[in-house]
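Q: coords please:
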Amino acid sequence: MKDLAERFHEVGVVPVVVLEDAKDAVPLAQALVEGGLPCAEVTFRTAAAEESIRLMSEKFPEMLVGAGTVLTTEQVDAAVKAGAKFIVSPGFDPEIVDYCLKKEIPVLPGCVTPSEVAQAVKRGLKTVKFFPAEQAGGIAMIKAMAAPYTGIKFMPTGGINAKNLEDYLSFDKIICCGGSWMVKGDLVKAGAFDKIKELTAEARNLVESIRK
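A: Okay, here's the model as predicted:
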């Protein structure tokens with residue numbers, strides 16, 4: 001059984017999904033799986049998130065489905081009960097991180113400063129989110145922060161797309177990137193799952209070409 005870090009590295013890109021209606025969860029998951037990225041961070045920004053995670057996890061048990069934009073411990077419980085295999089928070093919230101660690105739930109808190117990375121290191125975390133990546137200094141900032149914290153890997157998210165993906169994935173301290181360009185809200189709402197599958201396959205091919 002591959003551990004979470006191996007699976008993140010394998011996919012290279014974690015699609016960050018916002019679902020307004022749970023009816024879109026299964027066709028979206030199918031598009032991601034068939035496109036070669038059997039992974040999704042379903043953000044808790046909508047009322048449909050919990051049910052969407054449950055449907056994705058039940059229909060595609062091989063998928064690595066997690067919950068993003070988790071802001072409370074209640075959301076942690078709801079997400080895990082629905083089938084989420086990891087929790088992502090936009091910032092470093094000690095309460096959420098400690099709660100997840102206590103329950104042995106994989107958690108990737110958002111860290112954009114050395115002080116936040118230090119708090120993650122102190123708790124034994126090996127991977128953190130870097131958000132919002134482009135706005136917070138991008139790959140240059142990550143390289144600068146990674147230098148003193150040699151045991152930490154990053155999952156940058158925010159402003160990452162097919163054009164700058166190589167800049168990030170070429171750095172060995174980046175385990176994977178979060179991205180939404182292949183699962184844009186307008187495509188989901190339009191039911192354009194074939195297009196999503198196509199963009200997902202392009203993203204997958206791009207990851208493989210970068211990591212040759």
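Q: any regions of the protein where pLDDT drops low?
A: Filtered on pLDDT under 70, the chain yields the residue ranges 1-2.
Q: any idea which helix or strand carries the residue lying farthest from the centre of it?
A: Farthest-out residue of the chain from its mean C-alpha position, per C-alpha atoms, centre = their mean: Pro148, at 24.2 Å. Assigned by DSSP states H and E, Pro148 falls within no helix or strand.
Q: OK, contacts around it?
A: By C-beta atoms under 8 Å, 6 or more residues apart in numbering, the residues touching Pro148 are Pro114. All C-beta spots, glycine's among them, are computed from the backbone N, C-alpha and C.
Q: and what of Pro27?
A: With C-beta under 8 Å, 6+ apart, Pro27 has these contacts: 191, 193.
Q: send me the longest helix anywhere in the chain as PDB with only the CA atoms.
A: Across the chain, the longest stretch assigned as helix under DSSP state H is helix 193-210. Extracted C-alpha coordinates of helix 193-210, given in PDB (Å, rounded to 0.1, in the frame of the first residue of the first chain):
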ATOM      1  CA  PHE A 193     -16.800  16.500 -18.400                       C
ATOM      2  CA  ASP A 194     -15.300  15.300 -21.700                       C
ATOM      3  CA  LYS A 195     -13.400  18.700 -21.800                       C
ATOM      4  CA  ILE A 196     -12.400  18.200 -18.200                       C
ATOM      5  CA  LYS A 197     -11.100  14.700 -19.000                       C
ATOM      6  CA  GLU A 198      -9.100  16.100 -21.900                       C
ATOM      7  CA  LEU A 199      -7.500  18.900 -19.800                       C
ATOM      8  CA  THR A 200      -6.800  16.400 -17.000                       C
ATOM      9  CA  ALA A 201      -5.000  14.100 -19.500                       C
ATOM     10  CA  GLU A 202      -3.000  17.100 -20.700                       C
ATOM     11  CA  ALA A 203      -2.000  17.900 -17.100                       C
ATOM     12  CA  ARG A 204      -1.000  14.300 -16.500                       C
ATOM     13  CA  ASN A 205       1.100  14.200 -19.600                       C
ATOM     14  CA  LEU A 206       2.700  17.400 -18.600                       C
ATOM     15  CA  VAL A 207       3.600  16.000 -15.200                       C
ATOM     16  CA  GLU A 208       5.200  12.900 -16.800                       C
ATOM     17  CA  SER A 209       7.200  15.000 -19.300                       C
ATOM     18  CA  ILE A 210       8.500  17.200 -16.400                       C
END
